[in-house]
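Colleague: I would like to see how this sequence folds:
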Amino acid sequence: MVRAYEEWFAGYAQDPGAILRRTFGETGGYDELVLLRDIPLESVCEHHMAAISGVAHIAYLPRERVVGISKLARLVDALAHRLQIQERLTAEIADAIEAELEPRGVAVVLQASHACMSSRGVRKHGSALVTRAFRGLYTAPGARREVLEALDH
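Modeller: A predicted model of the protein is given here:
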């Protein structure tokens, strides 16, 4: 049980900023949308100690540097492996990317099911909570639409 809890909450020992610090300047002038979709996420609801599972989608508009895509997945894991609520998790991912990469824009969309809703109380299976965080240029409606349309393809 102790080993399981150490693994489930390993995110407290990880620095989200450090995960994103190794970047690449070899963009070849690329300055368009970078989108990593369907990053699996597993977390634990801080209110009920029940499982949260779903996917994260991360988009950003680089300035001069990009980060390896595995680092985006590691960031999701580090922050999800803490007691969480989905709304805060969404914001923490966006804030970490904005702080470390300093992109022109960041968009994060999480879609997850919550065992606290399916295993107790209303017992509704198959529902998913969707949360979004937009930073920088992605706060403009047209730019948001571009990201959301890219997620549909």
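Colleague: contacts for the helix ranked longest in the chain, please.
Modeller: In the chain, assigned by DSSP state H, the helix with the most residues is helix 86-101. Residues outside helix 86-101 that contact it (CB atoms under 8 Å, 6 or more residues apart in numbering): 16-17, 19-21, 23, 41, 43, 52, 56, 58, 60, 62-63, 65-67, 72, 75-76, 79-80, 103, 106-110, 112, 114, 129, 131-136. From N, CA and C alone the C-beta is placed, and that goes for glycine too.
Colleague: how about that helix: buried residues?
Modeller: 86, 89-98, 100-101 (16 or more other CB atoms under 10 Å).
Colleague: same question for stretch 1-15.
Modeller: 8, 11, 14.
Colleague: out of those residues, which one has the lowest pLDDT?
Modeller: Minimum pLDDT for the buried residues of stretch 1-15 is recorded at residue 8 (87).
Colleague: looking at the protein, which helix or strand is least sure?
Modeller: helix 115-118 (a mean of 73; mean pLDDT, DSSP states H and E).
Colleague: would you give the sheet partners of the strand or helix carrying residue 133, along with the direction of each?
Modeller: Here residue 133, judged by DSSP states H and E, is contained in strand 129-136. With DSSP bridges as the test, strand 129-136 is paired with strand 105-114 (antiparallel).
Colleague: quick one: the partner strand to helix 86-101, angle?
Modeller: Between strand 105-114 and helix 86-101, the angle comes out at 150 degrees (axes from the mean of the first three to the mean of the last three CA atoms, to 10 degrees).
Colleague: output strand 105-114 as PDB, restricted to C-alpha atoms.
Modeller: What follows is strand 105-114, C-alpha atoms only, in PDB (Å, rounded to 0.1, in the frame of the first residue of the first chain):
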ATOM      1  CA  GLY A 105      -0.200  31.500 -26.400                       C
ATOM      2  CA  VAL A 106      -1.100  28.400 -24.500                       C
ATOM      3  CA  ALA A 107      -4.300  26.300 -24.500                       C
ATOM      4  CA  VAL A 108      -5.000  23.300 -22.300                       C
ATOM      5  CA  VAL A 109      -8.200  21.200 -22.500                       C
ATOM      6  CA  LEU A 110      -8.800  18.300 -20.100                       C
ATOM      7  CA  GLN A 111     -11.600  15.700 -20.400                       C
ATOM      8  CA  ALA A 112     -11.900  13.300 -17.600                       C
ATOM      9  CA  SER A 113     -14.300  11.000 -15.700                       C
ATOM     10  CA  HIS A 114     -14.500  11.100 -12.000                       C
END
